[in-house]
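1. next comes the sequence, and after it the predicted model I'd like to discuss.
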Amino acid sequence: MTPRGLFLLPLVLAMAPDTYAADSRDLLKVLQSSHCPNCRLADADLVHADLRDANLSGAELQRANLGQANLDGADLSGADLSFTSLRGASLRGADLRGSTLYGTDLRHVDLSGARLDDGALEQAHWHGARGISAGVQSHAALHNAGVAAAEQGQWSAAETLFSAAIVAEPSEPLSWVARGLCRGELGDTTKASRDLAHAGRLFESQGESEKAQQLLEASQKATAAMADPASTGGNGIGSQLLSGALSTAQALAPIALRALSPMLLP
């Protein structure tokens, strides 16, 4: 069964009906007073805006651009931040409880002291964010951040995140597969092989023999690559197994489901 939340959400700003566009009066209000609870600010351009201590509780901020904005101490509780860009923003001490963070870009955001619901980051992009409390770093949140880092080719960072995900939930094979692929890209074939083999054993214990066999074969290929590097075509095993699996603009299935299929190629 697919673990809840293990999806890579695309940073695609979807076209929205006019009924959801920002209300010009609300936009003027928030720029003048920084207080606009329940405002309609979808698709608003608020880049670099100074919204310290703003009251935006319950606001509609879908797809808004708040990149580099200062939202320190802001009340965003219950706000809809679906596919909103907050990249590089400061949210120190902000209240995000009850907010919708589906596909939200929180990369390189400062969340020091921010209040978040447990699991709030599971469907957001938060790779590179600072000040995130351990309480919201669930397995799914860590795994997703690892996928985001891998998609950007940041293999070392991705390995670290997948390792943290494994600590949070050691019995989840998908994170072992993902870390193995990263280690393959980093050239550590021995550890990559071990991760894939362990993931196979976990799948076997869960009654998924086919996936277990696929991973065993992948582990054996990784081991063989150590003896014959030319067998991988000069690329890391990760580059072969992740090809097409992490670069799509669509929402991805769990990393293993896409990444496993190339293992079966002759």
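-> Cool, the structure landed.
2. use CA for all of it now, contacts and neighbours both
-> Fine.
3. quick one: least confident helix or strand in the chain?
-> For the chain, the helix or strand with the lowest mean confidence is helix 255-260, at a mean of 38 (criterion: mean pLDDT, DSSP states H and E).
4. specify the local secondary structure of Gly153.
-> Following DSSP: H, G, I helix; E, B strand; the rest coil, Gly153 is assigned to coil.
5. how many neighbours does it have?
-> For Gly153, the neighbour count with other CA atoms under 10 Å is 15.
6. do the same with the one 5 residues further on
-> Here the number of neighbours of Ala158 (other CA under 10 Å) works out to 28.
7. isn't it right next to Ala145, touching?
-> Yes - at 7.5 Å, Ala158 counts as touching Ala145 under the criterion of CA atoms under 8 Å.
8. what sits against Ala89?
-> 66-71, 106, 108-110 (CA atoms under 8 Å, 6 or more residues apart in numbering).
9. now tabulate the residues you listed in CSV and tack on distance to Ala42, neighbour count and secondary structure.
-> Listed next are those as CSV, based on distance: CA to CA, whole Å; neighbours: other CA atoms under 10 Å; DSSP: H, G, I helix; E, B strand; the rest coil:
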residue, distance to Ala42, neighbour count, secondary structure
Leu66, 11, 26, coil
Gly67, 14, 22, coil
Gln68, 17, 19, coil
Ala69, 16, 22, coil
Asn70, 18, 23, strand
Leu71, 17, 28, coil
Leu106, 17, 27, coil
His108, 22, 18, coil
Val109, 20, 24, coil
Asp110, 23, 23, strand
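10. which of the residues you listed sits closest to Thr100?
-> Thr100 lies nearest to Leu106 out of the contacts of Ala89, by CA to CA, at 12.5 Å.
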